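1. Okay, predicted coordinates and the sequence, questions at the end:
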Amino acid sequence: MGGLVLLANSAAQAEQTSIFEPASPPAESIRTLAILVFVITLFIFFVVEGVLFYSIWRFRRSKQNAGDPTTEPAQVYGSKPIEVAWTAAPALIVFVLVLASTRTLWEVKPNAPAPSAGDNALYVTAIGHQWWWEFHYTSYNGEPLDFITANELHVPAGEDGTPRPVYLTLRSADVIHSFWVPRLAGKLDLIPGVDNLLWFQTNEPGLYLGQCAEYCGTQHAGMLLRVVVESPADFETWLANERQPAVDDPAVAQGKAAFLSETCINCHRVRGTPADGTYAPDLTHLMSRETLASGLVPNDRENLRKWIRNPHDIKEGCLMPAFGLSPEKLDLIVDYLATLK
C-alpha cells in the first residue's frame, strides 16, 4: 500500500512539473516550441535511420557479393543533387527553428509596465538564497505593498475575463540560482548583481511546484518552490493577513521572551518585535505556510520542533545551526512560533 501511495504522489508531482501541462501563456509558448522541435528531430531520426537500415539491407554481402566476397558494391564519387540536398535541408531546418525560437522568446519576454491603479498586476521581487526563497511584495493593482514572506509565492488567478499578470524581479543574495515553475514559465537564472525579469498569468487556481534549476551547493535539490494561485477574493484575504505584524498572544509571553533572548533574531525577522534579521526567512506569519525547509516537510508542530532542535536532521548542510536548547526552552519557543499565523 505504501508503495502505491508513493507512486501516486510521484505521478501527481510529475504532472505538476510537466512542461506539457501549461497553465500560463509563457508556458504554453514553451510547450508549443518543444513539440515543434520534437516533431522535427523525430522526422530527422526516422529519415537517417531509414537510410541506414535500407543501406544495410540493400547492400548486404549475401546479396551483393555472394560469388566474390572481395568485390565492393558500385561506388558513387560526387553527386551534385546529394550535395545540394544535404546542405539545403539542414539550412532550412535551422532557419525554421530560429524563427520559432525567436517568436517564443518574444512571447515570453516580460514587458512589465509601471504599476498603475486598476491594472490588476502583482509585482514581487524574488530573491534566491542558499537554500530558500524570499519574496518581497511591492505592488498589487497599483497599490504599494511592503512585506516579505518566504518559500511560498501567493498570487491571484485571473477571473471573469480579467487577467492578473504577475511580474517577478529575480535577484540572488549569494550564488547563481534559477527560478523554474514549469507549468507557469520558463527557467530563468538569478545572478548576483543582476536583475532579471519574468512574468506569468493563469486563470487556474491551485498549487504549482518548481525548484531552483541551477546547481547552487549542498542543498540545491532541496531548494523547492511552491506557487499558490488563489481566487482574487482569497488572495485579498491572504494579502490583508500578511500585511499585519505578528500576533502578540499573552498566553505565549514566555515563549516570545525565550525566542527574543536567542540569536535567532540576528537572522530572522518577526514584524512588530525586536527581531529584525534579514539573513534568514521572515517568520511573521510562519504558520500560514504549508511547509518548512523550503518545501521539504509539512509545517506542523512536530516538524517545527525537530527543525529548531537540529535543522540538519531535516535539511543536511543547511546554514542554520543547532543551538543546543534545553527541552523546556525548545517547547517555549515552539509554543510562540506556533501562534504566528
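-> That came in fine, so what should we check first?
2. what about residue 268, distance to residue 136?
-> Separation of residue 268 from residue 136 (CB to CB, to the nearest Å) stands at 16 Å. Backbone N, C-alpha and C define where each C-beta goes, glycine included.
3. same thing with residue 107?
-> For residue 107, the distance to residue 136 - CB to CB - is 27 Å.
4. Of those two, give the one with the bigger neighbour count.
-> residue 136 (17 against 14; other CB atoms under 10 Å).
5. That one: what's it in contact with?
-> 124-127, 147-148 (CB atoms under 8 Å, 6 or more residues apart in numbering).
6. One more pass at 7 Å, please.
-> 124-125, 127, 148 (CB atoms under 7 Å, 6 or more residues apart in numbering).
7. if I've got this straight, it is in a strand?
-> Yes - the assignment for residue 136 (DSSP: H, G, I helix; E, B strand; the rest coil) places it in a strand.
8. Which residue is the nearest non-sequential neighbour of residue 214?
-> Closest residue to residue 214 apart from its sequence neighbours, by CB to CB, 6 or more residues apart in numbering: residue 178 at 3.6 Å.
9. what about the one you found, which SS state?
-> Three-state call for residue 178 (three-state DSSP): strand.
10. Verify the contact between it and residue 187 for me.
-> Yes - using CB atoms under 7 Å, residue 178 makes contact with residue 187 at a distance of 5.4 Å.
11. Mind listing the shared neighbours of the two?
-> By CB under 7 Å, 6+ apart, the residues touching both residue 178 and residue 187 are residue 213.
12. Give me the more crowded residue out of the two.
-> Shown here are residue 178 and residue 187; by other CB under 10 Å, residue 178 has more neighbours (22 against 16).
13. Who is the more buried one paired with across the strands?
-> Following DSSP bridges, residue 178 is listed with bridge partners residue 189.
14. how close does it get to residue 129?
-> Going from residue 178 to residue 129 by CB to CB gives 13 Å.
15. what about the residue lying closest to residue 278 once chain neighbours are set aside, how many residues close to it?
-> With sequence-adjacent residues excluded and distances taken as CB to CB, 6+ apart, residue 278 is closest to residue 269, at 6.6 Å. Residue 269: 20 surrounding residues under other CB under 10 Å.
16. Quick check: bridge partners of residue 269?
-> residue 276.
17. didn't it look like it was pressed against residue 281?
-> No - look at residue 269 against residue 281 with CB under 7 Å: they stay out of range, at 8.4 Å.
18. Next step: the contacts of residue 136 restricted to strands.
-> Mapping these onto strands (DSSP state E) picks out 124-125, 127, 148.
19. Which member of the residues you listed is positioned nearest residue 191?
-> Lowest distance from residue 191 to those (CB to CB) belongs to residue 127, with 12.0 Å.
20. what number of residues lie near the closest one?
-> So residue 127, with other CB under 10 Å, has 19 neighbours.
21. before we move on, what about residue 325?
-> Residue 325: 17 neighbours (other CB under 10 Å).
22. Check the gap between it and residue 307 for me.
-> Distance from residue 325 to residue 307, by CB to CB: 12 Å.
23. just the strands in the stretch 51-200 of the chain please.
-> 122-129, 132-140, 143-150, 152-156, 166-172, 177-180, 188-190, 196-200 (DSSP state E, counting those that start in this stretch).
24. And the helices in the stretch 1-150 of the chain, which stretches?
-> Using DSSP state H, counting those that start in this stretch, the helices of the stretch 1-150 of the chain run over residues 2-16, 25-58, 61-64, 80-108.
25. out of these, which comes closest to residue 297?
-> Nearest of those (CB to CB): helix 2-16, 14.1 Å.
26. and the closest one, what's its mean pLDDT?
-> For helix 2-16, the mean pLDDT works out to 45.
27. Could you list which residues are in contact with residue 284?
-> Going by CB under 7 Å, 6+ apart, the list of residues near residue 284 reads 245-246, 269-271, 340.
28. Go through those and name the one nearest residue 204.
-> Nearest to residue 204, judged by CB to CB, of these is residue 340 at 30.0 Å.
29. Among the helices of the stretch 1-150 of the chain, which comes closest to residue 277?
-> helix 2-16 (32.3 Å).
30. hey, what's residue 122 bridged with?
-> Using DSSP bridges, the bridge partners assigned to residue 122 are residue 140, residue 166.
31. Wait, it touches residue 155, no?
-> Yes - if you go by CB under 7 Å, residue 122 and residue 155 touch, sitting 5.8 Å apart.
32. Give me the common contacts of these two.
-> residue 166.
33. any idea which helix or strand carries residue 227?
-> For residue 227, the host element (DSSP states H and E) is strand 224-230.
34. Direction included, what does that strand pair up with?
-> Here strand 224-230 is paired, per DSSP bridges, with strand 152-156 (parallel), strand 206-212 (antiparallel).
35. Distance from the chain centre to it, please.
-> The chain centroid and the centroid of strand 224-230 are separated by 9 Å under CA atoms, centre = their mean, to the nearest Å.
36. Cheers, nothing more for now.
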